[in-house]
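**Student:** how would this look folded up:
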Amino acid sequence: MSRVYVLVLTAAFLLLALQALLLSSWSHNLRASSEEADKTNKAEQKLHGLLAKSQDLQDTHNALASRAQKLERVHASGARQHQQADQHTDSDASTCIGPVPDSTGVVAAVVVITHNRPEYLKKCMSSVMQVHVKDPSHRQKFPLHISQDGNNTAVTDLARSTDPAKFNMSHMDLSLILPVVHMQHVMADTFPTRKKTEPAAYYRIASHYKFVMRQIFDCWQYPKLIVLEDDMQIAVDFFSYFEAGAKLLDDDPKLYSVSSWNDHGQARHVNDPLRLERSDFFPGLGWMLTNAVWQSLKGNWPAAYWDDWMRLSPVRQGRQTIRPEICRTYNFGEKGSSHGQFYERYLKPVKLNDVAVDWSKQDLDYLQRHRYAEELDQKVASARLLKSSEGVHLAQGLVKMTYGSRSEYEELAAAVDIIGDWKDGVPRASYEGIVKVRLSVLQDEGYSFLGGECLLVPVPVVHSEGSRGQSNLSFPVNFVHPVHKGHKRGVDKSNAA
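**Tutor:** So this is what the prediction gives:
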């Protein structure tokens with residue numbers, strides 16, 4: 001019995017030991033499973049955290065991208081995306097492109113007119129950008145635009161380029177200028193003209209200018225516009241000059257525009273970089289007008305020959321233009337001129353100002369209308385009268401020659417070597433018919449100015465609010481000027497810039 005008892009106890013002990021072993025193994029496995037679960041939970045929590053951070057980063061990225069796009073639209077560079085599909089014709093002239101930019105602090109929008117000459121546009125924009133970048137305030141005061149007529153791909157690529165090498169600039173300098181807004185004026189390949197013999201280019205140009213002014217003034221509500229063409233280079237003080245000119249336009253309702261051009265600005269006739277003049281003649285070629293002036297013009301904008309139309313007395317309405325003695329633009333566009341000899345004689349020799357004038361420090365009160373007229377009358381009265389134009393270039397001091405007809409004026413103009421034509425009775429660069437010409441002598445080192453100045457004066461001298469010698473030409477609303485013969489700034493008939 002005792003033996004059986006021992007065996008029972010032994011069996012019970014072994015059973016308890018086996019249970020303890022099983023319990024220990026189960027507990028170990030349970031702890032291992034719990035630790036693994038904890039690790040898994042921690043891993044999952046870490047993964048969720050990383051995913052949340054990734055989402056936050058993505059949200060931040062999206063917000064920044066959205067903000068960048070908004071800023072880009074504010075600067076109107078988004079107009080590039082809109083204008084490729086824009087087809088601008090007279091039938092949809094009311095169409096505006098792109099969002100309205102912020103015009104706070106803008107003196108004038110600057111628009112370069114171009115068509116199909118990428119090599120000219122590159123040279124022009126390089127000049128504009130290199131002057132523009134010299135003053136950081138220019139970015140706000142003078143926002144840059146390129147308005148392209150047509151679909152020339154080389155011009156389009158250049159207008160939208162952000163490659164500084166194309167404009168002879170550094171990345172840093174170019175970043176201070178961009179964005180340059182690209183506008184595109186697209187019309188049918190064939191353009192109707194009033195006469196079959198007329199070049200369509202003149203019609204395309206007038207339509208393009210109307211498109212630019214409507215967009216800048218009516219759509220974007222800029223206060224002023226400076227118009228350049230793709231065959232121009234600008235002077236070192238170009239923007240300073242136009243900023244001062246903008247104040248003159250604001251203060252004087254009798255002003256039509258401010259121009260950078262003097263038709264008699266050849267090196268042989270100019271030497272004072274500080275001198276400005278009033279003129280009844282509208283020269284164009286790098287000029288600024290106000291929104292108010294555009295409102296007075298747009299209702300009767302012509303189908304062609306827009307510049308000669310702006311020179312007509314019924315259109316100008318006695319308003320005058322401020323022009324410099326020494327040009328602030330230079331026209332290098334021999335390609336596009338109908339008269340090669342005219343370019344060689346009168347455009348190529350023009351002097352581009354190279355003096356960095358700070359126009360904010362210049363006293364321009366002498367340009368006030370009544371003061372300017374009085375001082376000019378005094379000059380005319382004090383000038384010595386020459387009875388003959390022979391040897392006029394050697395004249396000393398202030399002299400004058402008089403004319404009583406267009407043919408007589410052309411003879412005197414030839415004698416002093418200036419452009420002899422006029423528009424609607426107004427000689428180029430004249431004020432009430434009076435034209436100022438500095439006299440010089442060509443020497444080995446260049447032109448020498450001996451103090452001579454000649455006034456070409458109409459007789460009899462008549463004082464009036466308008467120009468002396470104006471014709472009584474009646475002007476229809478749908479005026480189209482015939483192609484002028486003789487001296488004329490021509491246009492390449494294939495290049496409607």
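
**Student:** A154: what's it in contact with?
**Tutor:** Neighbour list for A154: P118 [criterion: Cβ atoms under 8 Å, 6 or more residues apart in numbering]. In short, each C-beta sits where N, CA and C put it, glycine included.

**Student:** does it belong to a helix, a strand or coil?
**Tutor:** Classification of A154 by DSSP: H, G, I helix; E, B strand; the rest coil places it in helix.

**Student:** what do you get for A373?
**Tutor:** Going by three-state DSSP: A373 is helix.

**Student:** that one reaches K379, doesn't it?
**Tutor:** No - with contact defined as Cβ atoms under 8 Å, A373 does not reach K379; the gap is 10.8 Å.

**Student:** okay, and the common contacts of these two?
**Tutor:** Joint contacts of A373 and K379 (Cβ under 8 Å, 6+ apart) do not exist.

**Student:** pretty sure K247 is in a strand, no?
**Tutor:** No - remark: K247 does not belong to a strand; assigned using three-state DSSP, it is helix.

**Student:** gap between it and T290?
**Tutor:** With distances taken as Cβ to Cβ, to the nearest Å, K247 is found 12 Å from T290.

**Student:** who's more crowded, these two?
**Tutor:** T290 (22 against 14; other Cβ atoms under 10 Å).

**Student:** phi, psi for the more buried one please.
**Tutor:** In terms of degrees, to the nearest 10, the main-chain angles of T290 are phi -100, psi 160.

**Student:** these two touch, right, it and L249?
**Tutor:** Yes - here T290 reaches L249: they are 5.4 Å apart, a contact under Cβ under 8 Å.

**Student:** can you get me a residue count around the closest residue to H208 other than its chain neighbours?
**Tutor:** Nearest non-adjacent residue to H208, counting by Cβ to Cβ, 6 or more residues apart in numbering: D149, 4.5 Å away. Counted with other Cβ under 10 Å, residues neighbouring D149 total 27.

**Student:** K224 now?
**Tutor:** 26.

**Student:** quick one: it from T290, how far?
**Tutor:** Here the criterion is Cβ to Cβ. By it, K224 lies 5 Å from T290.

**Student:** who touches both of those two?
**Tutor:** Common contact partners of K224 and T290 (Cβ under 8 Å, 6+ apart): L249.

**Student:** tell me which stretches of the stretch 151-300 of the chain form strands.
**Tutor:** All strands of the stretch 151-300 of the chain, identified by DSSP state E, counting those that start in this stretch, fall at 181-185, 224-229, 232-234, 255-259, 276-279, 287-290.

**Student:** make TSV out of these and add distance to M401 and mean pLDDT.
**Tutor:** Formatted as TSV, those follow (distance: least, Cβ to Cβ, whole Å; pLDDT from 0 to 100):
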stretch	distance to M401	mean pLDDT
strand 181-185	45	95
strand 224-229	34	98
strand 232-234	33	98
strand 255-259	26	98
strand 276-279	19	98
strand 287-290	29	98
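
**Student:** looking at these, spot the one closest to L398.
**Tutor:** Proximity to L398 (Cβ to Cβ) singles out strand 276-279 among the strands of the stretch 151-300 of the chain, at 15.5 Å.

**Student:** and that closest one, how far from the chain's centre?
**Tutor:** Centroid separation between strand 276-279 and its chain, computed with Cα atoms, centre = their mean, to the nearest Å, is 22 Å.

**Student:** repeat that for stretch 285-298.
**Tutor:** Distance of stretch 285-298 from the chain centroid (Cα atoms, centre = their mean) equals 14 Å.
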